[in-house]
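Asker: Could you work out the structure for the sequence below:
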Amino acid sequence: MAFPQQQQEDNEMFFTTGTVQQALDRHYVVVIDQRQIRAVQAVGCLLVPEPDDMVLLAEQAEGKTYIVSVLSRLSRTTKPARINLPADTVIAAQGGDLLLCADRQISLTAPDMHFQADRGVAEIRDADFTADKVEISVSRLRAVWGAVETRAERVLQRVTRLYRRIRMEDSRLEELHCSVDKTCKIKAGEVSIEAEERLRLDGERVELG
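Answerer: Have a look, this model is predicted:
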């Protein structure tokens, strides 16, 4: 199908290079052969242009100019490079893996985050985690710790069944209140109970020996 000649001329694009002089609110001032033009960032240009960047431009015959790509950036620029993605963007690797690597740091910042996977593995040598509220629902948990240090102002646990096998436990508490509704059994090879002031055993029936 042949298009009218006038429509072909209106849609014709000319490609050239220029240098970004100034970044304004929604467009850029670009210098081409000592003349200034106004250009907008194309949707496919992910890297946000900065002043002094050499860019590839696409000019329409009707006068609209797009920054298609950032070709080079001065090494003296200290600002981090910024990638601009449209709203509701999905990055997908169909049929393969997606890997994010950084020599120093990867930071994720958002008002709301969701992580979902059928299987996950996390290996961290040193980690700091801070949260105001944490809710964890686990059907089965197996934990192997070399050393655990916990500092908490208040801990509330609701557990249906708890099985613990500890080789040695050394607990130093200021106060301990233990309430058992049914039966409490302590079985040990040797039991030593020491009280600096008073030791009290109270019950309807107390058996020793």
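
Asker: Sketch out the low-pLDDT regions of this protein for me.
Answerer: 1-11, 75, 77 (pLDDT under 70).

Asker: need the helices for it, in chain order.
Answerer: Here the chain has its helices, by DSSP state H, at 5-11.

Asker: the strands in it, which residues?
Answerer: 13-23, 28-32, 35-41, 54-60, 65-72 (DSSP state E).

Asker: Reformat those as TSV; add mean neighbour count.
Answerer: For the C-beta atoms, the positions are set from N, CA and C on the backbone; glycine is no exception. Below are the strands of the chain laid out as TSV (neighbours: other CB atoms under 10 Å):
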stretch	mean neighbour count
strand 13-23	15
strand 28-32	19
strand 35-41	15
strand 54-60	18
strand 65-72	18
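
Asker: Export those as JSON lines, with columns for distance to Ala147.
Answerer: Below are the strands of the chain laid out as JSON lines (distance: least, CB to CB, whole Å):
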{"stretch": "strand 13-23", "distance to Ala147": "51"}
{"stretch": "strand 28-32", "distance to Ala147": "55"}
{"stretch": "strand 35-41", "distance to Ala147": "51"}
{"stretch": "strand 54-60", "distance to Ala147": "54"}
{"stretch": "strand 65-72", "distance to Ala147": "48"}
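
Asker: who does Ile83 bridge with?
Answerer: Leu47 (DSSP bridges).

Asker: i'd like the first residue to be 45 from this point on
Answerer: Happy to do that; since the first residue is 45 now, the last one works out to Ile127.

Asker: distance of it from Thr133?
Answerer: 10 Å (CB to CB, to the nearest Å).

Asker: now Gln201
Answerer: 41 Å.

Asker: More neighbours: which of these two?
Answerer: Thr133 (8 against 5; other CB atoms under 10 Å).

Asker: residue closest to the middle of this protein?
Answerer: Leu152 (3.4 Å; CA atoms, centre = their mean).

Asker: Run through the residues that contact that residue.
Answerer: By CB atoms under 8 Å, 6 or more residues apart in numbering, the contact set of Leu152 is empty.

Asker: So it versus Leu144, what's the distance?
Answerer: Distance from Leu152 to Leu144, by CB to CB: 10 Å.

Asker: Over to Ala191?
Answerer: According to CB to CB, Ala191 stands 30 Å off from Leu144.
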